[in-house]
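Undergrad: With the sequence up front, the predicted model follows.
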Amino acid sequence: MTDTLAEKTENQSGSPASSETLSVRDICKSFDEHQALVNVSFELQPGEMLVALGPSGCGKTTLLRIVAGLESADHGELWLGSRRIDTLAPKDRDLSLVFQNYALYPHMTVAQNLAFPLKVKKVSKDEQLIKVNKIAEMLRLEDQLQKRPAQLSGGQRQRVVLGRAIIRQPKLFLLDEPLSNLDTELRAHMRREIVSLQKSLHTPAIYVTHDQTEALTMADKILVLKNGHMRQLGTPDEIYNKPADTFVAGFVGAPKMNFITCTYETGTIGRNSVAPLGVTFESLYPKGRGAVLRSGESFVMGIRPEGIIVGPLGEFKGRIQEVEFLGDRRVATMSFAGSEITFYTESKSFRAGDDIKFNLKKDSLHFFDLQSGKRLGV
Ligand code: ATP
């Protein structure tokens, strides 16, 4: 379906609708004393999707509203290609915004809803009809054109919303949790459709979500925000595998990354040991860190659940606390080194209280500064 959709979009526009870069420069925004956004900057190439990710209240929607022109920034500039757009009214910015609530006109048919942006632009009736039919075909809505929104399923309604957003070929596409009202299966399907659609429209897009699966699967770039501050801007792979700090490491990934506070100690004969693991630092990280970590210095070691390998020859010992059955796999927690550690297991025999042995996958270890939480460059 997604291939067909992409092909149809290409055909519909003949060539990519836009090839302008979005440049967000040093945006700051406060509401009274509260800083909602602090020095937010990034660039998006045509066809690139940035997903703004972070906990509730981190500033995602404010960022989107500022780019849309529904809110003005206190500081900073927005550029689309060679045009500065933050000085323009929302209607002159050439963008489409899709909200989480279906914003369809209930008294209009699907065809009238789709045609509405063209009608506002005073596009001729004939052209409206051609474009509505093309969009309806693209989004598999041909049989729904004469229905009203109340007669559609959630997924069909959301497709009409998307159709209405793209029918006038915007130069920038903004989406604020557009799938949050859909069930899991439909969400997964619509994610693929949106990505395929956006790639073929060749516009930059900003997508706001607090759902990390959505972020990891859809984004070309993820912007992780916390309290209005940019904590990391990177590809999904960088965000997951090289998190900039313990906040990003803990926020992205479910179950979340395990953290163990460790101390680097050097003994009298010069041999180092990492407490409470009882191994040398080099055994965790072969390139070593002896020259950088001082004796007695503490740091945070992070390991994702998939980096814990359970087996009889494991060099570490833990005690199972609980095992959760998830259908395709089991997620277990164990107590180890004063921490609660989560890992995956295929064993059906683990019970709370069992002692197990395990190894740490060396290339899955992360090291962070204890005070700042920042990734240590080992
Ligand atoms: P959520 O995921 O819950 O939608 P968000 O990351 O989108 O959250 P924003 O809606 O951008 O967060 O809000 C960022 C911060 O700015 C919050 O602390 C919010 O209370 C505050 N805020 C947003 N809009 C206003 C406003 N119009 N007046 C005052 N404070 C506001």
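TA: Alright, I've got the coordinates.

Undergrad: ok, and what's touching the helix or strand harbouring Ala36?
TA: Secondary structure from DSSP states H and E places Ala36 in strand 34-44. For strand 34-44, contacts defined as CB atoms under 8 Å, 6 or more residues apart in numbering pick out 21-30, 50, 59, 62-63, 66, 73, 76, 204-206, 221, 223, 225, 227-230, 233. To be clear about C-beta, it is placed using only N, CA and C from the backbone, and glycine gets the same treatment.

Undergrad: Find the residue at the geometric middle of the chain.
TA: Ala215 (2.1 Å; CA atoms, centre = their mean).

Undergrad: Pull the distance from the helix or strand containing that one to the chain's centre.
TA: In this structure, Ala215 is located in helix 212-218 according to DSSP H and E. Using CA atoms, centre = their mean, to the nearest Å, the mean C-alpha position of helix 212-218 is found 5 Å from that of the whole chain.

Undergrad: got it, and stretch 235-252?
TA: 11 Å.

Undergrad: filter the contacts of strand 34-44 to the buried ones?
TA: 22-25, 27-29, 50, 59, 62-63, 66, 73, 76, 204-206, 221, 223, 225, 227-230, 233 (16 or more other CB atoms under 10 Å).

Undergrad: out of those, who's near the ligand?
TA: Restricting the buried ones among the contacts of strand 34-44 to those near the ligand by CB under 6 Å from any ligand atom leaves Gly59, Thr62.

Undergrad: Inside helices: which ones of the buried ones among the contacts of strand 34-44?
TA: Thr62, Leu63, Ile66 (DSSP state H).

Undergrad: Which one of the residues you listed is nearest to Ser347?
TA: Leu63 (44.6 Å; CB to CB).

Undergrad: which ones are touching the closest one?
TA: Contacts of Leu63 by CB under 8 Å, 6+ apart are Val24, Ile27, Leu37, Val40, Ala52, Ile206, Val208, Leu225.

Undergrad: and the last one, how far is that from Gly278?
TA: Okay, so that is Leu225. Using CB to CB, to the nearest Å, Leu225 is found at 39 Å from Gly278.

Undergrad: can you check the third one too?
TA: Noted for Leu37: a distance of 45 Å to Gly278, by CB to CB.

Undergrad: Let me see the contact set for the residue in the stretch 151-300 of the chain that the ligand sits nearest to.
TA: Residue of the stretch 151-300 of the chain nearest the ligand, by CB to the nearest ligand atom: His210 (5.0 Å). Residues near His210 by CB under 8 Å, 6+ apart: Leu53, Gly54, Pro55, Ser56, Lys60, Glu177.

Undergrad: The second one touches Val224, doesn't it?
TA: Spelled out, that is Gly54. Yes. Assessed by CB atoms under 8 Å, Gly54 is found in contact with Val224 at 5.8 Å.

Undergrad: shared neighbours of the two, anything?
TA: The contact lists of Gly54 and Val224 share Arg231, Phe251, where a contact means CB under 8 Å, 6+ apart.

Undergrad: Now do the lengthiest helix in the chain: which elements does it pack against?
TA: Secondary structure of the chain per DSSP H: the longest helix is helix 184-201. Counting contacts by 3 or more CB pairs under 8 Å, 6 or more residues apart in numbering; DSSP states H and E, helix 184-201 is packed against helix 2-13, helix 154-166, strand 172-176, helix 212-218.

Undergrad: Show me how far that helix is from its chain's centre.
TA: 14 Å.

Undergrad: Any buried residues in it, and which?
TA: Applying 16+ other CB under 10 Å to helix 184-201 flags 186-187, 190-191, 193-201 as buried.

Undergrad: Same check on stretch 249-265?
TA: Ala249, Phe251, Val252, Gly253, Met257, Asn258, Phe259, Ile260, Cys262, Thr263, Tyr264.

Undergrad: do the same with stretch 65-85
TA: Those would be Arg65, Ile66, Val67, Ala68, Gly69, Glu71, Ala73, Gly76, Leu78, Trp79, Leu80, Ile85, for stretch 65-85 by 16+ other CB under 10 Å.

Undergrad: got JSON lines for the residues you listed, with distance to Gly155 too?
TA: Output for these, formatted as JSON lines (distance: CB to CB, whole Å):
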{"residue": "Arg65", "distance to Gly155": "26"}
{"residue": "Ile66", "distance to Gly155": "30"}
{"residue": "Val67", "distance to Gly155": "27"}
{"residue": "Ala68", "distance to Gly155": "25"}
{"residue": "Gly69", "distance to Gly155": "29"}
{"residue": "Glu71", "distance to Gly155": "30"}
{"residue": "Ala73", "distance to Gly155": "35"}
{"residue": "Gly76", "distance to Gly155": "37"}
{"residue": "Leu78", "distance to Gly155": "32"}
{"residue": "Trp79", "distance to Gly155": "35"}
{"residue": "Leu80", "distance to Gly155": "31"}
{"residue": "Ile85", "distance to Gly155": "32"}
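
Undergrad: Same question for the helix or strand encompassing Glu137: list its buried residues.
TA: Using DSSP H and E, Glu137 sits in helix 125-138. Using 16+ other CB under 10 Å as the test for burial, helix 125-138 gives Gln128, Lys131, Val132, Lys134, Ile135, Ala136, Met138.

Undergrad: which one of those is nearest the ligand?
TA: Ile135 (28.9 Å).
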